[in-house]
Every structure is written in C-alpha cells, then in structure tokens.
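J.: Provide a 3D model corresponding to the input given below.
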Amino acid sequence: MRQDARENRERILAEAEAVFGTQGAAGSTEEVARRAGVGIATVFRHFPTKEELIEAALLRHFDQLIQRAGALATDTDPATAFRTLVRTMIETGATKLTLASTLTGRQHVPGNAAAASDRLKAVVSDILRGAQDADAVRPSVTVEEVYLLIRGLAQASATMQTRPETLDRAIDVVLAGLSQTAG
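T.: Presented below is the predicted three-dimensional model:
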C-alpha cells in the first residue's frame, strides 16, 4: 500500500473511532470522510461497508490499548503500569462500548474483535499480576473483577453526562479500593 493510502486509511480510522465512538450507528461515513479530509469514495475504497469501517475502528482501538499496555509493562513500575492502564481503559471505554454496541446488531461479536479483546485481557492479566507481585494490588483481585469495574465506569460515562473531574475522582476511588493498603 502506498504511503499516502496508508496515511488516508489511518486518518479514516481515527475519525471513524471518534464519530462512531460518540454517535454510534447514527454516525455517518460522510462525516468520517469530511473529518478525515478525504472523499467518500476513498472511505469506501478502504472499507466497502459502514459495518467494516466500524469493525476496523474497534480493532484499531484494541490494538492501541494493547500497544499502550505493552509499553507500560516494560517501561514503568508495575503499580504505575496497572493504575495507568486501568485509568486509560476507563477513560476510553465509552468509545469502545459504543463502537462494539454498534456492531452487536449482529448475532455475534466479529471474530477479529473477540480475538483482540482476548489479547488485551491477557496483557491486563499480566499487568495485574505484576502489580500484585509488587504488593500494589490486593492478591485476591481477579482480572474479571477489574474488568467489571472498568466496564461499570465506562458504561456510566457512555450513558450519562459525566464531568471529567468526576470521572477522574471515581477512577481514584476504584484504584484505592483495589490497592493492597485498602481496608
């Protein structure tokens, strides 16, 4: 693929994540094209259907989280890596949930998205274990519990108007509750 085509594709995906991640199915491919600075034909050349575009945006979202988690796991102490990853997943979770719900009109989640979700969960599990080994997170905490808390705050921020500082404090409460030093 030519460099300009790769750049167009990346801009289209970034804008698709923004448009469909906030507007869901009501978002339009025309809006994605306009915001990406390309024609609608360019969007459809890369992604023949709106559903394929949304699925690709969701996969991009997972890939970016996996890359971020991998970088955190190698570049940061385990406690900071865990806290940063949980915070990032909650802050971007509303977008992921909106993208995924736009695709759930199907009978099942697309295989690529399910596989990407599984890869992310494996990385989150590794980072959780590292934080537990560093005595930063309670040893009894499971990745399923962490995911439930992440999803709860992400779902709340996706469905109700939440001020950023309120979400930030709520994340602090969750992280304090998971902490080894908590009650």
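
J.: enumerate every residue touching Leu59.
T.: Applying CB atoms under 8 Å, 6 or more residues apart in numbering to Leu59 gives the contacts 112-113, 116. For every residue, glycine as well, the C-beta is placed using N, CA and C.

J.: ranking these by neighbours, who comes first?
T.: Sorting those by how many neighbours each has (other CB atoms under 10 Å) puts Ala113 first, at 21 neighbours.

J.: my guess is Gln64 is in a helix, correct?
T.: Yes. Membership of Gln64 in a helix is supported by DSSP: H, G, I helix; E, B strand; the rest coil.

J.: for it, grab the count of nearby residues.
T.: Look at Gln64: counted by other CB under 10 Å, it has 14 neighbours.

J.: quick one: Thr92 and Glu165, what's the gap?
T.: Counting by CB to CB, to the nearest Å, the gap between Thr92 and Glu165 amounts to 17 Å.

J.: those two - which one has more neighbours?
T.: Between Thr92 and Glu165, counted using other CB under 10 Å, Thr92 has the larger neighbour count: 17 against 8.

J.: give me phi/psi at Val137?
T.: Per-residue torsions, Val137: phi -130, psi 140 (degrees, to the nearest 10).
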